[in-house]
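Undergrad: generate coordinates for the sequence data below:
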Amino acid sequence: MSSEKPFDALERFAEIEWLVAKIYFRFSHLFLHQPELRDFWWGMAKEEEQHGSILSACKAIIENYEETLGADISWGRAEELKRWLLLYLSRGTPSLEVDEAFRIALDIESSEIDAIYGKLLQLAGQNIAKTLANLGVPASVQRQKLKLAVRQFCTDPELLAGVDSL
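TA: Residues are numbered from 1 along each chain as shown. Next up, the predicted model:
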């Protein structure tokens, strides 16, 4: 008899959103001496926390959502994304250049985390998903803010060129 808890996609992906928030909070602390940059990362972190909280709220609303999950929302995929994000956190980043912080954020924001988040919200049904989505900052708005910040704060030509594909 296994004592392992069954896979709960909403719970697991809420944890993943909270890991992204931790990364962004860490960035805000790395740039304390640059108020605009500090505040940008703090805001991004708060938005990721909201995404995690929204998924937690969905968990309380949705029944039998497991039946509609696709292969991209599996225990294995959740573990893979969690390990990937924990690698960023494990680096410690006592110091990090501005461009490197944005490079990491672009990697995260261009991953499938947002697509999975959107799909999990849709499992609640259109009306509930729309209501819950209105509670937080949509991923598309967050990506636009990230693009603007890259253009404002970064100097790496490759990074500047790559931001348009986000």
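Undergrad: any weak-confidence spans in the protein?
TA: 1-7, 60, 62-72, 92-93, 124-125, 127-134 (pLDDT under 70).
Undergrad: tell me where it has helices.
TA: Assigned by DSSP state H, the chain shows helices spanning 9-30, 35-61, 75-90, 98-109, 113-122, 126-135, 139-153, 157-162.
Undergrad: export the ones you listed to TSV and tack on mean neighbour count?
TA: Just so you know, the C-beta spots here come from the backbone N, C-alpha and C atoms, and that holds for glycine as well. Shown next, in TSV, are the helices of the chain (neighbours: other C-beta atoms under 10 Å):
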stretch	mean neighbour count
helix 9-30	20
helix 35-61	19
helix 75-90	14
helix 98-109	19
helix 113-122	19
helix 126-135	14
helix 139-153	15
helix 157-162	12
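Undergrad: contacts only, for residue 96.
TA: Shown in contact with residue 96 (C-beta atoms under 8 Å, 6 or more residues apart in numbering): 27, 30.
Undergrad: how close does it sit to residue 118?
TA: 29 Å (C-beta to C-beta, to the nearest Å).
Undergrad: cool, residue 39 as well?
TA: Taken as C-beta to C-beta, the span from residue 39 to residue 118 is 27 Å.
Undergrad: same question for residue 43.
TA: Taken as C-beta to C-beta, the span from residue 43 to residue 118 is 21 Å.
Undergrad: what of residue 18?
TA: Distance from residue 18 to residue 118, by C-beta to C-beta: 17 Å.
Undergrad: next: residue 55.
TA: 11 Å.
Undergrad: and if you look at residue 73?
TA: For residue 73 relative to residue 118 (C-beta to C-beta), the value is 11 Å.
Undergrad: and residue 20, by the same measure?
TA: 15 Å.
Undergrad: for stretch 148-159, the distance to its chain's centre please.
TA: Taking C-alpha atoms, centre = their mean, to the nearest Å, one finds the center of stretch 148-159 at 20 Å from the center of the full chain.
Undergrad: now the terminal residues of it, how far apart.
TA: Stretch 148-159 has an end-to-end distance of 12 Å (C-alpha to C-alpha, to the nearest Å).
Undergrad: now do stretch 26-42: distance to the chain's middle.
TA: On C-alpha atoms, centre = their mean, the centre of stretch 26-42 falls 18 Å from that of its chain.
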